[in-house]
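Asks: need a 3D model of the following:
(2 chains)
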2 protein chains.
Amino acid sequence: MSEVRVHNFSISLDGFGTGEGQALDAPFGHAGERLHEWFVGTRFFHAMDDLPGGTLGADNAFAEEHNPGIGAEIMGAGKFGPPGWQDDPDWKGWWGPNPPYHTPVFVLTHRPRPSIEMEGGTTFHFLDTTPAEALAQARTAADGADVRIGGGPTVVRNYLAEGLIDYAHIAVVPILLGRGVRLWDNLESLNHTYNIESVSTPTGITHLTFTKNQ
Amino acid sequence: MSEVRVHNFSISLDGFGTGEGQALDAPFGHAGERLHEWFVGTRFFHAMDDLPGGTLGADNAFAEEHNPGIGAEIMGAGKFGPPGWQDDPDWKGWWGPNPPYHTPVFVLTHRPRPSIEMEGGTTFHFLDTTPAEALAQARTAADGADVRIGGGPTVVRNYLAEGLIDYAHIAVVPILLGRGVRLWDNLESLNHTYNIESVSTPTGITHLTFTKNQ
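Replies: Prediction:
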């Protein structure tokens, strides 16, 4: 069966996957870009924007795992837009006409709308359903390829808590945010179901990998 | 001036410095020994108990920083004994007649009692006062040497929050506890006052060091 994967999901030392006060001009609230500086600096990220340069090395090796083999993404409403985007019929995500997904993307929201087909192969679908049912639909859309759980922290946490994730790469950034949305709440049971590795890189990031026990 | 240091303070991935349900037979609650297995396995820890063996390598290098230059420790009531130890006039800590401190130790408690002189140079003093005032007394007792803030998580957090710590070594253990006492609550401001490094070792521990900016 295809796998369910998390990649490059960044949290602070104190476990926040996004800051407080998300808004149109602050997608990660008071965290700003600090959680993702390591990621946007990589050659992988540069290449997504058709930019030259970017870092190689260990951080880029993790970053590069993001897309290969992925046939669909599931994301939360807070990743798709700022609070209230459901009231804006023209909102099509933060990413412009050609979003960096190039697959079907399933957005979990209590106020679904008709699907939106974008340039470059991305189609946004909107679902008001359980994590497991959304995954079933995403698997079908992925047509045998893997499904990425794209965040935010609440969505990743819910999929982890239900044991639906096969592999998760979490990047711990050496900052303290103090407030925001925590990834780790109530995940004690993961300890028994995953093999956990840690490796820190010279940039200060600690990459955690969770691999589900067979 | 002498420095204020934290060493080998262990937390889970989700930031808990001790588990839930501390008791006489469970000093770290449901966490058991899992937070400290890496530490008790080192040659440093073995030597404290006059035992042979123990691991060398990076974990032991961090462990060995524990004592040199330290002239006093400050600890919280929860490190000194299980809930209710204040009702037991014979309670003298978990460590037997010759505790592993060999310096004055200041125990923060709202119910102080007379000082207790133990074998091997450890004397327990009991203070009902602020972190800063306790530190002033510990500095005097240390007679020019450094002061270690020994835990638990609430005490380390309070000293960090007040900017009183010069150097902190925090060991992140790759387990999820889910519940207990968090180290990181409300420490956002540390980001501006400390240089933070991370290094993970082959045993899976990520060692964080916080060095106060000059």
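Asks: C-alpha only now, for contacts and for neighbours.
Replies: Fine.
Asks: output the contacting helices and strands for the helix ranked longest in chain A.
Replies: Longest helix of chain A, by residue count under DSSP state H: helix A:131-142. When contacts are defined as 3 or more CA pairs under 8 Å, 6 or more residues apart in numbering or on different chains; DSSP states H and E, helix A:131-142 packs onto strand A:70-76, strand A:104-108, strand A:146-149.
Asks: check these for me and report the most buried one.
Replies: Per residue and on average, the most neighbours among those fall to strand A:146-149, with a mean of 26 (mean count of other CA atoms under 10 Å in any protein chain shown).
Asks: give me the sheet partners of that one and which way each runs.
Replies: Sheet pairing for strand A:146-149, assigned by DSSP bridges, gives strand A:4-12 (parallel), strand A:70-76 (parallel).
Asks: right, and the helix or strand after that strand?
Replies: helix A:153-161 (DSSP states H and E).
Asks: rewinding a little: okay, the angle between the longest helix of chain A and strand A:70-76?
Replies: Helix A:131-142 and strand A:70-76 are oriented at 150 degrees to each other (axes from the mean of the first three to the mean of the last three CA atoms, to 10 degrees).
Asks: identify all contacting residues around helix A:131-142.
Replies: A:2, A:70-74, A:103-106, A:108, A:127, A:145-147, A:158-159, A:164 (CA atoms under 8 Å, 6 or more residues apart in numbering or on different chains).
Asks: about what we covered before: out of the strands paired with strand A:146-149, flag the one nearest residue B:20.
Replies: With CA to CA as the criterion, residue B:20 lies closest to strand A:4-12 of those, at 23.5 Å.
Asks: can you give me the buried ones in the longest helix of chain A?
Replies: Residues A:131, A:134, A:135, A:138, A:139, A:141, A:142 are the ones in helix A:131-142 that count as buried (16 or more other CA atoms under 10 Å in any protein chain shown).
Asks: so which of the helices and strands packed on helix A:131-142 is nearest residue B:64?
Replies: For residue B:64, the closest of the helices and strands packed on helix A:131-142 is strand A:146-149, at 41.7 Å, according to CA to CA.
Asks: what's the closest of the buried residues of helix A:131-142 to chain B?
Replies: When these are compared for distance to chain B (CA to the nearest CA), residue A:131 wins out at 21.3 Å.
Asks: and chain A, which of its residues are near chain B?
Replies: With CA under 8 Å from any CA of the partner chain as the criterion, chain A meets chain B at residues A:14-15, A:174-179, A:184-191, A:196-201, A:204-206.
Asks: got a quick PyMOL command for the buried subset of those residues?
Replies: Buried residues within the residues of chain A next to chain B, by 16+ other CA under 10 Å, are selected in PyMOL with:
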select buried, chain A and resi 14+15+174+175+176+177+178+179+184+185+187+189+190+196+197+198+199+200+204+205+206
